[in-house]
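A.B. asks: got a sequence here, can you build the structure:
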Amino acid sequence: MQTILFDLDGTLLDTAPDLAAALNQVLVENRREALPFETIRPWVSHGGQALISRGFQIEMQDPAFEPLRQRLLEVYRANIANQTRLFPGMGPVLDELEARQLKWGVVTNKPGWLTEPLLEQLDLHTRCACIVSGDTLTERKPHPAPLLHACILTGSRIEDCLYIGDAQRDIEAARNARMPNLVALFGYLGDEDRPQDWQADGMLEQPHDLLDWLDARHPG
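C.D. replies: Coordinates of the predicted model:
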């Protein structure tokens with residue numbers, strides 16, 4: 001392995017507190033009741049569209065949908081790193097990857113105008129070997145193109161990269177790219193998710209399990 005690639009929301013970063021707060025602010029602005037954090041958390045990996053659709057119980061075709069989504073993103077961008085942090089244990093894992101001279105990067109469907117400021121505020125942007133956002137290319141996950149683009153940016157062969165994500169489309173993207181992949185079970189999986197059926201190469205209960213997986217794959 002040369003390069004470890006992470007999904008952002010629900011894998012590298014715990015963004016749910018700030019996204020949930022933004023959704024609840026928009027709900028309250030529109031005379032709706034705020035929702036419990038535990039209800040919102042599983043929606044976060046599916047982006048702003050899912051948050052508005054499920055939070056307001058409306059479809060994308062509804063005339064109110066797009067203005068609400070834009071307002072959500074406006075509120076979120078203004079409060080993008082209030083509570084967002086690396087998942088517990090992820091900091092030491094990144095330190096160890098760097099100590100082993102492994103590259104690591106981000107491949108996310110989050111748009112660049114949100115991804116890059118967030119990584120900058122957390123002082124992670126200079127450590128990333130690559131940042132591929134949802135609008136870097138015309139294709140997004142589960143299309144393999146973003147992962148293949150990350151290989152080009154990092155100068156790595158596909159088989160020497162590993163992709164980690166918490167959503168089915170993450171694993172589908174990696175499998176479509178024929179890239180080794182792992183499911184982050186500590187991410188934003190909902191009751192309806194069945195990661196055991198995603199045909200991933202492994203599962204991580206916690207970030208440190210990544211190091212154990214690498215050691216088992218390449219002992220010594």
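
A.B. asks: every contact and neighbour count from this point should use C-alpha atoms.
C.D. replies: Fine.

A.B. asks: where does this protein dip in pLDDT?
C.D. replies: Residue ranges of the chain with pLDDT under 70: 219-220.

A.B. asks: any idea where the helices of it begin and end?
C.D. replies: 16-29, 37-40, 47-56, 65-78, 90-99, 112-121, 145-154, 168-177, 209-217 (DSSP state H).

A.B. asks: then the second one to CSV, C-alphas only?
C.D. replies: These are the backbone C-alpha positions of helix 37-40, laid out as CSV (Å, rounded to 0.1, in the frame of the first residue of the first chain):
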residue,chain,number,x,y,z
PHE,A,37,-29.4,14.5,16.6
GLU,A,38,-29.7,10.7,16.6
THR,A,39,-32.4,11.0,13.9
ILE,A,40,-30.3,13.2,11.6
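
A.B. asks: right, and the helices of the chain - which one's nearest Trp198?
C.D. replies: Closest of those to Trp198 is helix 168-177, at 6.4 Å (criterion: C-alpha to C-alpha).

A.B. asks: what's the closest one packed up against?
C.D. replies: Here helix 168-177 touches helix 145-154, strand 161-165, strand 181-184, going by 3 or more C-alpha pairs under 8 Å, 6 or more residues apart in numbering; DSSP states H and E.

A.B. asks: contacts for the first one next, please.
C.D. replies: Contacts to helix 145-154, defined as C-alpha atoms under 8 Å, 6 or more residues apart in numbering, come from residues 3, 103, 105, 107, 129-132, 136-137, 139-140, 157-158, 161, 173-174, 177.

A.B. asks: if we can go back for a sec, which one, of the helices of the chain, ends up nearest to Gln196?
C.D. replies: Judged by C-alpha to C-alpha, the one of those that comes nearest to Gln196 is helix 168-177, at 10.3 Å.

A.B. asks: sorry, back to before: please render the helices and strands packed on helix 168-177 as JSON lines that adds distance to Phe56 and mean neighbour count to the earlier fields.
C.D. replies: Converted to JSON lines, the helices and strands packed on helix 168-177 look like this (distance: least, C-alpha to C-alpha, whole Å; neighbours: other C-alpha atoms under 10 Å):
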{"stretch": "helix 145-154", "distance to Phe56": "31", "mean neighbour count": "20"}
{"stretch": "strand 161-165", "distance to Phe56": "27", "mean neighbour count": "25"}
{"stretch": "strand 181-184", "distance to Phe56": "28", "mean neighbour count": "25"}
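
A.B. asks: could you dump the ones you listed to TSV with distance to Asn79?
C.D. replies: Shown next, in TSV, are the helices and strands packed on helix 168-177 (distance: least, C-alpha to C-alpha, whole Å):
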stretch	distance to Asn79
helix 145-154	27
strand 161-165	24
strand 181-184	25
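
A.B. asks: Gln57: which of the ones you listed is closest?
C.D. replies: That would be strand 161-165 among these, by C-alpha to C-alpha, at 26.5 Å.

A.B. asks: and the angle for that closest one with helix 209-217?
C.D. replies: Relative orientation of strand 161-165 and helix 209-217, computed by axes from the mean of the first three to the mean of the last three C-alpha atoms, to 10 degrees: 150 degrees.
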